[in-house]
Structures are given as structure tokens and as C-alpha cells.
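>>> here are the coordinates; sequence isn't available:
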């Protein structure tokens, strides 16, 4: 059917060239209204154009169709539809959701324009740019960025962005990096990289009432003035002649302080409040910084003064004044405290709670990290140490628990050039008795020793106890007991004491043998301090100095003496030397080779089994002398100065504050001592 129709169209077209009349092609009879009129009385394709590339199959090539009142042109191929004039392609519809102009156009002849106004329209000045022109002049550009460009800066009289009904009011630019606003052809506001300016206007009002009757800010011949609603125009306060701006101090509603308007970290509280000056540094590296360059003696960066009558205290930071300690005067101190009234201290440091650092730290790599110096000018009070340390142990804990500890660490250097000393003490007594070191230990049924010394090197270890009450020794330790004698002819020599598995007293003497007999009476003092019985007889060693003697024997030994008799009835006369060895009452019952203590840091119950001796001392079975004050009937407390530590008696270990008045340790406040009760020497 369609083939026949096309043949008919072709025939009619051929005929049309021969005769001048309207020609119609259709699937029904109709009267054509144009030289060529195609009519199809149903929806569908009206005309199909194909070639040897598209083939002549259905739905190929270019198809003109109609659906009701809607007509369409459809290129069923992958190509485009081009529209030409003057043999030049002007417009193209590609196989995509686009319509292409085949020329960018210019501002004079924009591609999209109007027949009645061909120099006004839309064109592109280059890649990725969309331009608008009117009257052949470029006016507006949309570049490949989040911007819209005006292609003229404009002016105050003709601002670029303005209004059709008010062309001399709008926004323009007077130059690079400047944005201007004008009204009525006059510039009013200018915004540049240096700030914002008001031009050709005196007022900045904040209501619909403008000018002098409104309120806000104004320029009065170069003087800045302000006005509140309902108020009068007033001159702004002149800023101080210092760098920076002005910030006011304000008092927030219902507050008991004032603060800077824009800084709540600083507050000055009213009189009688908890704080005076308050600053919250928050994340500041330094919360407060104070500086002075005043070289006047007594100047300081910060001074604090607690002015309470009778209890005044002074504190200084960055103190620039002479400070004399002993014979030395220094020029100042970073921190200086001064107190002259009672019941106050110049410096106090404390850590508690979750803190795990010492309350007071001092460091120096140029001189002594801590220097304590005092003058003892109070004759009524004896015990005033230059340094005092007290540790109160309130829990069960092992290990060494010192009140005062010193450590010397030579971690650098090499060679044996000096002496590393853990604790060094020196006392200059002048014309009074003097001790370089005094140690007093007191305990209840425990291992109590006055002092302990320990030395370790690559060769081994030696340790010694002094005033060992538990083991009944004045000196007990490893190594020998020796004496050093500086002889002029033999050098400095060492003499060593003999040692014994048990304790003995030794006495020496001489007597005259007459007719082969002699009697020796023991010194009554020796007799009083030894044990003599069947199990512990005295031992006498004889040196016979008589050449003709038959030999001497010892008989009738007792706690008071012994007899010497020549053997075989001899009757010699001459001198006999003897040595007496007797068992002391001291430590009697201890036995031979008693258990010795280990190093001071090793508890007896922690010792290895191999360190246990066969003879384990039982202090209940060992005889010991009563204390000195018990034998001679005096009270050690009576000989303890006010401020001293009572060494023995019912109040041993306590500090004597006065007669019948005691404390634990040295008191912080000297007024706690009853100085009028001090003993006199």
C-alpha cells in the first residue's frame, strides 16, 4: 500500500512540473490546499527519507510524523539533523539531549539574538563562558566558576547593578578590589580591602527615621557622635593613646564583679567577696605575666600582702632587693616570702589526694639545690635543727622508711678523683662537747639499733651495726675490729682484735710465788660482773718466770680468786704472770656461735634458710644489764632540753615542749614550747 502511495507521489510530483496546480497525496480522496499537500487521515508517519546507508527498511532514515495536532521530525539513525542557510550549517541537533549552535557569536552579532535587534542576545566569548550583550556591547558574563561577571565597572551615576525605575541607584566598582553603592547618582558606601567607608553621607541610622532626628552614629565635621533612641547626639570617648582599641569594663546583671566587655576570663570582685582579682587562664600557655624593669632596691614584679593585724605576711615574685643569709648577700629572688608575726610561715608546699609528686622540688646545676641557714639566738631553747624531716608511717609497709634520705649519684665522669658521700655532717663544738653524727633508736620489743653502716664494691660487701640493743653489741658486723696507728718509723699500721665464738672478759696480772705458793684475789669489780659456777669456771693461764721451778698449777678457782702451787712440793720463789678469762654476765646465756644479723635491709624472717645458724638467740634467756638511768636512778627526761627528743623512759621518742608537756616531732610553731621550763646547764 505504502509503495503504491510513494509511486503515486512521485507521479504527481512529475506531473506538477507539467501543469500548474495543487497536488495532493493521501490515503483518501481530499482537495489539496498547497502545491504539494500530504494528507493522512490517521496518526503515523507522513514522510520517510532514506538512502543506501540507512537502507529502505521501516523506521529508518528521517521520518516526518504526526499525532493529532502534534508534528515531529525524527532521525532514526545515530547522526544529527543540521540546519543550513547560504550553504552554511547554522544549527545542529545531535544524537544527544542538546541543541548546538555552530558559531560562538560575538558581542556585535550574538548567536542567539532577535530579528528586530540582531546586536542584542547571547553568545560565547570563549571556552566555558556564556556572555550577554545589548546594542553590540558585552554586558554580562557567566564564566566556568561560581560567579557572574559584570563587564563594566559602572559609576555612581550609572551603577552596573541598578533598577529600571531608578537607574542611578545601585552597586558598582570604582576600581580594583573596591565595591561601591550609590543612591541618586551619589556614592554612599565604599568597601575596599582596607575596610568600609561612608561617602557623601553623615548618618548611620538604625530605624526608619533618618538623619538627625533618628538615632545611631554620625560624622559631625570629623567628630564621631552617637545617639541612643530618645537621646541626644554625644561625642564618642577618645581612645587612649596606646596601641589597640578600647574595651569597656561592665558589671553583668546581678553580679558581684566587673569584667571587660568581651573577656569573661578577667574579673575584679567587690570588697568582701572570696576573690579580689580573678583570672581564668583556660587554655593560655601562661595565665599571668608580670614584669618590671625598675632597678630600685625592693622592686618586684608582684607583691602580695596579707594585712591582718598581728598576722601580717608578705609574698614577692621577681623580688629585686638585697637578701642577706649569714655572711652572704644576694641580689634578689624569683620567689620571696617574709613573715615577722607569730603563727605564720613564709613558704608552704603541699601535695595530697591523687598527687604523686613531692610537695616541694628544687633544682640547680650551678650550686646547691636547697640551702637552709639559721641563727640560734634563743638561749632558752636547745633543739633548733637547721633541717628537720619527719615521716609519719600510718600503714603496714615493708622496706626502709627514712625520715631523711640523701643520695649521691656519680653517673658521669671517670676516674677516682674525689669522694662520693651519701650524707655528710660536720659539727664545730668549740668549747662544748660535740658529735659529728648522733643516732638514737627506740622501739618496743623489736630489733633496735643506733646505727647501721654498709659498704659494697667490686671486691665484696661489709656492714656493721652500732649500739645493737637486740644483739647486745656496741659494734656488730662483718670483717674484723681493728685499730689504726700512724707510726713515724713504720708507716700507718693496722692492729686487729682477736675474735671468739662466745663472749669473754680477760684480765692480766702478776704475783710473787713464795716457798712454792701464791694466792691471787680477783679484782672485786671483775668478780661483780662475771658468772662463775660449775659450768663456767674462770680460766687461768700461767707464765712461769722461775728458771728452777718444777712447774706451777692452778687450784681452788672461785669467783673471788685462785691459788698457785709449785709441783712436787717445790719451794721456789719468784714472779708468775697470769691471764684470767671469765664468762661475762653481759649476754650470758647466748651460747657459742649465736645467730648474726644480715644486712640492715634484710628482715630476719626474709633471710634464706642457709643463713640460719644452729644457735638461734632467745632474748628471754640472755642476761643484759639494766639501762644506765635505771642503775643510777635518774630520769633522762630531766636532762632533755626544751625542743629535744626524749631518748628513754615512758615518754621516749616524744619532743619535750616543757616540763610535763610533750609533742610528736619538732613543732611548727615555737610558741608551743614552754621555754621558761627549760633546764639550765
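Great, that's in hand. Keep in mind the model is a prediction, meaning the values are calculated, not measured.

>>> after the helix or strand containing residue 578 comes which helix or strand?
Per DSSP states H and E: residue 578 is located in strand 574-584. Using DSSP H and E, the helix or strand that follows strand 574-584 towards the C-terminus is helix 628-632.

>>> what comes into contact with that next one?
Residues from elsewhere that reach helix 628-632, judged by Cβ atoms under 8 Å, 6 or more residues apart in numbering: 625, 635-636, 648-649. All C-beta atoms are positioned from the backbone trio N, CA, C, and that covers glycine.

>>> now the strand holding residue 578: buried residues?
576, 578, 580, 582-584 (16 or more other Cβ atoms under 10 Å).

>>> centre of the chain to that strand, how far?
75 Å (Cα atoms, centre = their mean, to the nearest Å).

>>> let me see the mean pLDDT of that strand.
The average pLDDT within strand 574-584 is 96.

>>> the spatially closest residue to residue 249 that is not a sequence neighbour: what secondary structure?
Residue nearest to residue 249 in three dimensions, not counting chain neighbours: residue 258, with 5.0 Å by Cβ to Cβ, 6 or more residues apart in numbering. At residue 258, secondary structure determined by DSSP: H, G, I helix; E, B strand; the rest coil is strand.

>>> let me know whether residue 344 touches residue 314 as I believe.
No. Counting by Cβ atoms under 8 Å, residue 344 does not reach residue 314; the two are 10.0 Å apart.

>>> burial count for residue 48?
Using other Cβ atoms under 10 Å, residue 48 has 20 other residues around it.

>>> and it, what does it touch?
Counting by Cβ under 8 Å, 6+ apart, residue 48 makes contact with 60-64.

>>> inside strands: which ones of those?
62-64 (DSSP state E).

>>> now the helices for the stretch 1-150 of the chain?
For the stretch 1-150 of the chain, the helices defined by DSSP state H, counting those that start in this stretch occupy 2-18.

>>> low pLDDT regions in the protein?
1-20, 239-240, 242-244, 380-383, 666-681 (pLDDT under 70).

>>> filter the contacts of residue 48 down to the buried ones.
60-63.

>>> how about the strands in the stretch 301-450 of the chain?
Under the criterion DSSP state E, counting those that start in this stretch, strands of the stretch 301-450 of the chain are mapped to 302-306, 313-319, 323-325, 328-330, 333-339, 449-457.

>>> next, format the ones you listed as a markdown table and append mean neighbour count.
Shown next, in a markdown table, are the strands of the stretch 301-450 of the chain (neighbours: other Cβ atoms under 10 Å):
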| stretch | mean neighbour count |
| --- | --- |
| strand 302-306 | 13 |
| strand 313-319 | 18 |
| strand 323-325 | 11 |
| strand 328-330 | 9 |
| strand 333-339 | 14 |
| strand 449-457 | 14 |
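
>>> can you lay out those as CSV showing distance to residue 72?
Below are the strands of the stretch 301-450 of the chain laid out as CSV (distance: least, Cβ to Cβ, whole Å):
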stretch, distance to residue 72
strand 302-306, 92
strand 313-319, 93
strand 323-325, 107
strand 328-330, 106
strand 333-339, 95
strand 449-457, 110
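
>>> check contacts around the residue nearest to residue 249.
Contacts of residue 258 (Cβ under 8 Å, 6+ apart): 249-251, 267-268.

>>> can you redo those residues as TSV with neighbour count and secondary structure?
Below are these laid out as TSV (neighbours: other Cβ atoms under 10 Å; DSSP: H, G, I helix; E, B strand; the rest coil):
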residue	neighbour count	secondary structure
249	12	strand
250	12	strand
251	12	coil
267	21	strand
268	16	strand
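
>>> for stretch 153-170, buried residues please.
Quick answer for stretch 153-170 (16+ other Cβ under 10 Å): 154-156, 159-160, 162, 168-170.

>>> now swap in stretch 635-653 and tell me
Buried residues in stretch 635-653 (16+ other Cβ under 10 Å): 637, 640, 642-649, 651, 653.

>>> sec struct for residue 527, please.
Residue 527 - assigned by three-state DSSP - is helix.

>>> contact partners for the nearest residue to it once chain neighbours are set aside?
Leaving aside its sequence neighbours, residue 527 sits nearest to residue 559 (Cβ to Cβ, 6+ apart; 5.3 Å). Shown in contact with residue 559 (Cβ under 8 Å, 6+ apart): 522, 527, 530, 532, 538.

>>> just the buried residues of those.
522, 527, 530, 532, 538.

>>> what are the bridge partners for the third one, then?
In this structure, residue 530 has beta-bridge partners residue 584, where bridges are defined by DSSP bridges.

>>> ok, it - contacts?
Residue 530 touches 505, 538, 559, 582-585, counting by Cβ under 8 Å, 6+ apart.

>>> now these as CSV including distance to residue 408?
What follows is the contacts of residue 530, written out as CSV (distance: Cβ to Cβ, whole Å):
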residue, distance to residue 408
505, 42
538, 51
559, 53
582, 46
583, 45
584, 41
585, 43
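
>>> among those, which one lies nearest to residue 602?
Distance to residue 602 across those (Cβ to Cβ) is lowest for residue 584, with 28.7 Å.

>>> distance of residue 261 from residue 577?
107 Å (Cβ to Cβ, to the nearest Å).

>>> the spatially closest residue to residue 428 that is not a sequence neighbour and residue 379: what is the separation?
Setting aside the residues directly before and after it, residue 428 is nearest to residue 434 in space (Cβ to Cβ, 6+ apart), at 7.1 Å. Using Cβ to Cβ, residue 434 is found at 18 Å from residue 379.

>>> cool, residue 580 as well?
As judged by Cβ to Cβ, residue 580 and residue 379 stand 51 Å apart.
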